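[1] Okay, predicted coordinates and the sequence, questions at the end:
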Amino acid sequence: MILAALLVSAALQDPLSPDLLEYQPAARLRGTLQLGPAPGFENLIEGLAERLKQHHPDLRGGQAPATTSSTPQAMTKGGYRLGLLGRRWTGSEVSDFRFQWGYRPTELVIAIDAFSIVVHPDNPIRQLSLEEIETIFSSAERRGNRPLRTWGDLGLNGEWKQQRITLYGMDKQSSGRRAFQERALRGAEFAAGVRDGSGKAVLNAVAEDPGAIGFVRGCQELGQCRAVPLRPLGGAAGVEPKPESVLAFSYPLAWPVYVAVRKEPGEPLDPETAEFLRLVFSRDGQSVVADAGFLPITGMTARQESLKLK
């Protein structure tokens, strides 16, 4: 996979790739930055906008609009120049956009999103499948799935066999919870009794509760908890949520974050959008990505993605 190869960093211990370039403004901005929809990524896109305004004090705007539409729908009908989403556009969404504007949207990878499944450090569970994660955290009764209420149901023996599973997850109103619900639970409702809190609160609670299992965004700084390797669909071996597996997308709960741009072929972007993207693909912009809980892309990927705007 070409994209995966581009994303693998040579300096995995450093959250920022050493080949990322510093932000160098191409123009001084005095206008208004119009952000498009970013469902689930509002903090990220607005954080990037605030960083841009630090470089351009006369720049106005930079708030993500509230919308009930998806990013592709809003960009097609609402006229927004850019928007964030955690997946590629579907064929029908691209067709609708092309019918409206006469050309395709430009999709650029700007970050990587991932979730770690964490348990108490003494829990001996070796790995879990995506189907098991869905059954544990979801209220949906998928055909063929048996309830998983104790660690014995997941194959543990001895003192763990009768240990009840207790569930922890991110805040009910957080973008992370919505993303986990969409990706890991395939949109199903959460099971009753999931105890919610901030990522840090989840880690603290799981570290103190032997029966706990929780989900948090990211794959680093997991405190005293142990991350459980996840088995991909059809896979035999679990994959640990490490930076290298996340960046290569071999870890099942990892995926790119895209910015979609409305750019007419052969025509330049407006100065505000162009500078926003210049910042996103710089070391300064990727530090905002890391601070927001996402994994930054490498400098090589940033340059490859930037070429799509030519």
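    Looks like it came in fine. Residues are numbered from 1 along each chain as shown.
[2] Checking the nearest residue to Gly193 once chain neighbours are set aside next. Helix, strand or coil?
    Excluding the flanking residues, the one nearest Gly193 by C-beta to C-beta, 6 or more residues apart in numbering is Leu167, at 6.1 Å. Yep, even glycine has a C-beta here, placed from its N, CA and C like the rest. Three-state assignment for Leu167 (DSSP: H, G, I helix; E, B strand; the rest coil): strand.
[3] Confirm for me that Leu167 is in contact with Ala192.
    No: the criterion here is C-beta atoms under 8 Å, and Leu167 misses it with Ala192 at 9.1 Å.
[4] More neighbours: which of these two?
    Leu167 (19 against 7; other C-beta atoms under 10 Å).
[5] Where do the strands of the stretch 1-150 of the chain begin and end?
    Remark: strands assigned in the stretch 1-150 of the chain by DSSP state E, counting those that start in this stretch are 32-33, 60-61, 82-85, 106-119, 128-129.
[6] For the protein, identify the residue most remote from the centre.
    The C-alpha centroid of the chain is most remote from Gly158, which lies 37.2 Å away (C-alpha atoms, centre = their mean).
[7] show me what contacts Leu16?
    Neighbouring residues of Leu16 by C-beta atoms under 8 Å, 6 or more residues apart in numbering: 283, 286-287, 290, 296.
[8] Could you check how far it is from Ala237?
    From Leu16 across to Ala237, the span is 30 Å (C-beta to C-beta, to the nearest Å).
[9] got it, and Ala27?
    51 Å.
[10] residues near the nearest residue to Ser250 once chain neighbours are set aside, how many?
    Spatial nearest neighbour of Ser250, chain neighbours left out: Val239 (5.4 Å); criterion: C-beta to C-beta, 6+ apart. Using other C-beta under 10 Å, Val239 has 19 neighbouring residues.
[11] Which strand residues bridge Val239?
    Beta bridges link Val239 to Leu230 when assigned by DSSP bridges.
[12] again, but for Thr150
    Applying DSSP bridges to Thr150, the residues it is bridged with are Arg164.
[13] I figured it hits Thr166, correct?
    No: here Thr150 does not reach Thr166: they are 10.7 Å apart, not a contact under C-beta under 8 Å.
[14] returning to that earlier point: and the contacts of Leu16, which two are furthest apart?
    Arg283 and Ala290 (10.4 Å; C-beta to C-beta).
[15] Between these two, point out the one with more neighbours.
    Arg283 (18 against 15).
[16] With Leu21 as the reference, measure out to that one.
    In terms of C-beta to C-beta, Arg283 sits 6 Å off from Leu21.
[17] and if you look at Pro241?
    28 Å.
[18] any weak-confidence spans in the stretch 1-150 of the chain?
    Low-confidence segments of the stretch 1-150 of the chain, defined by pLDDT under 70: 1-14, 141-145.
[19] What segments of it are helices?
    Per DSSP state H, counting those that start in this stretch, the stretch 1-150 of the chain carries helices over the ranges 2-7, 42-55, 71-77, 91-101, 130-137.
[20] would you turn those helices into a markdown table with distance to Thr301?
    Listed next are those as a markdown table, based on distance: least, C-beta to C-beta, whole Å:
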| stretch | distance to Thr301 |
| --- | --- |
| helix 2-7 | 5 |
| helix 42-55 | 16 |
| helix 71-77 | 21 |
| helix 91-101 | 22 |
| helix 130-137 | 26 |
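[21] Leu307 is nearest to which of the ones you listed?
    Nearest of the helices of the stretch 1-150 of the chain (C-beta to C-beta): helix 2-7, 11.5 Å.
[22] Name the nearest of the contacts of Leu16 relative to Val119.
    Closest to Val119, out of all of those and judged by C-beta to C-beta, is Ala290, at 25.2 Å.
[23] The closest one: what secondary structure?
    Applying three-state DSSP: Ala290 is helix.
[24] Wait, it touches Pro15, no?
    Yes: counting by C-beta under 8 Å, Ala290 does reach Pro15; the two are 4.6 Å apart.
[25] Look at Glu131 and say how many residues are nearby.
    13.
[26] Taking the centroid of this protein, which residue is nearest it?
    By C-alpha atoms, centre = their mean, the most central residue of the chain is Asp113, 2.4 Å off.
[27] For it, give the beta-bridge partners.
    Asp113 has these beta-bridge partners by DSSP bridges: Trp255.
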